[in-house]
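Visitor: model the structure of this input:
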Amino acid sequence: MDVSGSMKGKSGGVLDWMKSIFTTIRKLNHGDRMVQSAPYISTCTPDDHVFAIGCGGNGDEPHIFDILGTVKYLQHMGGNSTPDNLHVVLKETLDILKRNGAPYVRDWADEYRLKRLIKLKEGKAILYKLRNDRQFTSEFVQNVLPEECRKHTERTTKAAAAKTSYAWAPMLTTVLGVTTAILAPGIGWGAGALMVAAGTGTGIGGAIAANKEVGRATDASIKETIWKGMKLVRKGILHPVSLNTTLSIEKACNILRSYTSDENQTEMDDLVQHMEPAIYSCDRKIITAIWKAKELFSQSNFNTYEQILFVLSDGLPTDSHWCNPIPDFNTAEVTVVSAYISGSESRQLHSRESPNWDSGANFYFRLSSPIDTQRVSPTVFTTLGWSVESREPEPRLFCQISRPSSVEDVYTLAKDVVSAL
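Guide: Below is the predicted model of the structure:
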């Protein structure tokens, strides 16, 4: 799936397109209750597997990443492993910070002040990282928290703020129960005035303490610290593609279950909100992602599987050059189906490129697998509402779509075509 910068402006944004992918995966699971709402979907068996590769990580993040692995990680970060009580979350968070280089963090802001300004999900995410990532803890203490949390600093009050290189300071003395201020040079306070007060003297230490206060957080500084903390939380959240990227259909559905229901739209919003700072790259390294997919297909335990590669993008790859050719899937027996996001939508499978297409459409048409129409009955297409431009040359599994809801239709067509071969 393409999650580069251009996808941000598409209909529904990355949120709806990603949700359409998740929904399609769930509906392929024969044991998932979601299948009951779409009985026409060709379901998979418990032995079938799936992977989801994202293309468009930015900055220091992996450009090609494991979507399901990233989602699973984000679930753990805000899931059941941390308490659902905000006060308990904040108490443990401050305890960890105090033990790891911020001994005065509660002098700066305690649990009761923080509760008004931080969300439970934010608190749980930060606590999860503090529990499980020592490097994160060190960076949080040194780069996110203000200095007042690490060192016991004091701020002089406005009444004592004016300083000169040679100033007068009041020295206190008590005579017969009367406290008298005596002017004396060289202690560094602003110019004093003669003060006489009845009562017991407090001593010079008490007088100085009365004019200073410990550095306390403002609401603005707490909000800024939360923002910086969440930015650090989201750093490094994209999981690189590995052999563990491929999951059984059942495991994939368990990960995605809370993101495909309309009732849980907030969960999907939060997921994309966490991911957005790490995606939307200006690059679109589709060919590199396809090579990663070929590596996953080539694992020995999948040699006997029917293999389908579904590619969703809205533009030309930025890594298309002579030293990075497109893998040859014809010899690898992988069926490639492309869904190209454009301004128009057609339910016709084309047999040749059109002069009216842009360069992106032409590329994904050539990438897509041809259909052997001698082996696939025309009813396979017509039953699902598709038509074929012509049977000679062979049509390709290439579709132009404009709505996220069409992803499911395209994949269903590809699955039925492969099953008919």
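Visitor: show me the contacts for L145.
Guide: 97, 102, 105, 108, 225 (Cβ atoms under 8 Å, 6 or more residues apart in numbering). (C-beta placed from N, C-alpha, C; glycine too.)
Visitor: over to Y104?
Guide: Counting by Cβ under 8 Å, 6+ apart, Y104 makes contact with 148-152.
Visitor: tell me which element the residue nearest the centre of the chain falls in.
Guide: Taking Cα atoms, centre = their mean, the centroid of the chain lies closest to M275, which sits 1.8 Å from it. Following DSSP states H and E, one finds M275 within helix 265-275.
Visitor: so for that helix, what gets flagged as buried?
Guide: Neighbour-count burial for helix 265-275, counted by 16 or more other Cβ atoms under 10 Å, picks out 268, 270-272, 274-275.
Visitor: tell me which of the contacts of L145 is nearest to K124?
Guide: L97 (15.4 Å; Cβ to Cβ).
Visitor: what about the closest one, which helix or strand?
Guide: helix 86-99.
Visitor: still on that earlier bit, filter the contacts of L145 down to the buried ones and hand me the PyMOL line.
Guide: Burial among the contacts of L145 is assessed by 16+ other Cβ under 10 Å; the matching PyMOL selection reads:
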select buried, resi 97+102+105+108+225
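Visitor: now, which of the contacts of L145 lie within helices?
Guide: Among the contacts of L145, the members falling in helices (DSSP state H) are 97, 105, 108, 225.
Visitor: show the contacting residues for the second one.
Guide: Spelled out, that is V105. By Cβ under 8 Å, 6+ apart, V105 lies in contact with 94, 97-98, 145, 149.
Visitor: and the helices in the stretch 201-350 of the chain, which stretches?
Guide: 203-210, 219-233, 249-256, 265-275, 286-297 (DSSP state H, counting those that start in this stretch).
Visitor: pLDDT weak spots in the stretch 51-200 of the chain?
Guide: Counting by pLDDT under 70, the stretch 51-200 of the chain shows low-confidence ranges at 78-81, 153-200.
Visitor: can you pull out the strands in it?
Guide: 53-55, 64-66, 154-156, 168-175, 178-185, 196-198 (DSSP state E, counting those that start in this stretch).
Visitor: my guess is A361 meets S342, correct?
Guide: Yes. Counting by Cβ atoms under 8 Å, S342 is a contact partner of A361 at 6.5 Å.
Visitor: which residues are common contacts for these two?
Guide: Contacts common to A361 and S342, judged by Cβ under 8 Å, 6+ apart, are Q400.
Visitor: in contact with F381, which residues?
Guide: 349, 387-388, 413.
Visitor: coming back round to it: residues making contact with the helix holding L97?
Guide: 82-83, 105-106, 110-111, 114-115, 118, 120, 123-124, 126-127, 130-131, 137, 140-141, 145, 149.
Visitor: just the buried members of the residues you listed?
Guide: Applying 16+ other Cβ under 10 Å to the contacts of helix 86-99, the neighbour count classes 82-83, 105-106, 111, 114, 118, 120, 123-124, 126-127, 130, 137, 140-141, 145, 149 as buried.
Visitor: mind giving me the domain split of this protein?
Guide: 5-62+241-420, 86-153+215-233, 154-214 (automatic domain parsing).
Visitor: first to last residue in the longest one, what's the distance?
Guide: Which is domain 5-62+241-420. End-to-end span of domain 5-62+241-420 (Cα to Cα, to the nearest Å): 37 Å.
Visitor: for that domain, what is the distance to the chain centroid?
Guide: 21 Å (Cα atoms, centre = their mean, to the nearest Å).
Visitor: H350 - how many residues pack around it?
Guide: By the criterion of other Cβ atoms under 10 Å, H350 has 19 neighbours.
Visitor: dump the residue contacts of the residue nearest to it when sequence neighbours are not counted.
Guide: Of all residues beyond its chain neighbours, the one nearest H350 is E389 (4.9 Å), with distances taken as Cβ to Cβ, 6 or more residues apart in numbering. By Cβ under 8 Å, 6+ apart, the residues touching E389 are 348-352, 395.
Visitor: filter these down to the buried ones, ChimeraX style.
Guide: Burial among the contacts of E389 is assessed by 16+ other Cβ under 10 Å; the matching ChimeraX selection reads:
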select :349,350,351,395
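Visitor: tell me which two of the contacts of E389 sit farthest apart.
Guide: Between any two of these, the greatest separation by Cβ to Cβ is 12.1 Å, found for Q348 and R352.
Visitor: can I get the ones in helices among the contacts of L145 in TSV including distance to C55?
Guide: Formatted as TSV, those follow (distance: Cβ to Cβ, whole Å):
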residue	distance to C55
L97	37
V105	40
W108	42
T225	34
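Visitor: out of the residues you listed, which comes closest to G9?
Guide: Using Cβ to Cβ, the ones in helices among the contacts of L145 come closest to G9 at T225, 32.1 Å.
Visitor: next, count neighbours for the nearest residue to that closest one once chain neighbours are set aside.
Guide: Spatially, and ignoring its direct neighbours in sequence, T225 is nearest to V144 (6.1 Å; Cβ to Cβ, 6+ apart). Each residue near V144 was counted by other Cβ under 10 Å, and the total is 22.
Visitor: and V144, how far is that from R150?
Guide: Separation of V144 from R150 (Cβ to Cβ, to the nearest Å) stands at 11 Å.
Visitor: looking at the ones in helices among the contacts of L145, which is nearest V3?
Guide: Taking Cβ to Cβ as the measure, V3 sits nearest to T225 out of the ones in helices among the contacts of L145, at 29.1 Å.
Visitor: surely that closest one meets E147?
Guide: No. Counting by Cβ under 8 Å, T225 sits too far from E147 to count as a contact (11.9 Å).
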